[in-house]
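J.: Kindly return the folded structure for what I paste below:
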Amino acid sequence: MLQSLSETNFPVTIKGGEDVDAIHILVIAGHVEADIAKAVRTPAGWMNPTATVTSITRTGLQMLRLFPRRSSARKRLNAG
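T.: Residues are numbered from 1 along each chain as shown. Model prediction:
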């Protein structure tokens with residue numbers, strides 16, 4: 001996810017439970033700054049509807065340098 005974010009213009013809004021969960025993890029790790037919408041209770045359980053990523057932190061940029069993207073690895077953001 002961090003690799004995909006590095007190829008976007010900020011701010012970017014991410015939609016979808018798994019992608020928003022990934023953003024939440026990146027925020028906790030200190031790799032990105034983002035506003036995450038409050039979780040919503042659905043019949044299937046709790047979900048985070050959106051996250052708006054505003055920047056990649058210095059720590060996140062260090063991670064990108066330490067772990068460069070492989071040319072065959074591509075993941076599309078669920079942005080909207």
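
J.: Give the buried residues for the longest helix belonging to the chain.
T.: In the chain, assigned by DSSP state H, the helix with the most residues is helix 17-29. Of the residues in helix 17-29, those buried under the neighbour-count criterion (16 or more other C-beta atoms under 10 Å) are Gly17, Asp19, Val20, Asp21, Ala22, Ile23, His24, Leu26, Val27. (Each C-beta comes from the backbone N, C-alpha and C, glycine too.)

J.: Stretch 30-49 now?
T.: Under the neighbour-count rule (16+ other C-beta under 10 Å), stretch 30-49 has His31, Val32, Glu33, Ala34, Ile36, Asn48 buried.

J.: now, the most widely separated pair of those?
T.: Maximum pairwise distance in the buried residues of stretch 30-49, criterion C-beta to C-beta, is 17.1 Å, between His31 and Asn48.

J.: By pLDDT, give me the weakest of the buried residues of stretch 30-49.
T.: Across the set of those, Asn48 stands lowest in pLDDT, at 70.

J.: Could you measure from that one over to Met1?
T.: Relative to Met1, Asn48 is positioned 14 Å away (criterion: C-beta to C-beta, to the nearest Å).

J.: Do a quick rundown of the strands in the chain.
T.: When secondary structure is read from DSSP state E, the chain shows strands at 12-15, 32-36, 40-42, 45-47, 50-56.

J.: I'd like these laid out as a markdown table, including distance to Met63.
T.: Conversion of these to a markdown table gives the following (distance: least, C-beta to C-beta, whole Å):
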| stretch | distance to Met63 |
| --- | --- |
| strand 12-15 | 18 |
| strand 32-36 | 10 |
| strand 40-42 | 30 |
| strand 45-47 | 27 |
| strand 50-56 | 9 |
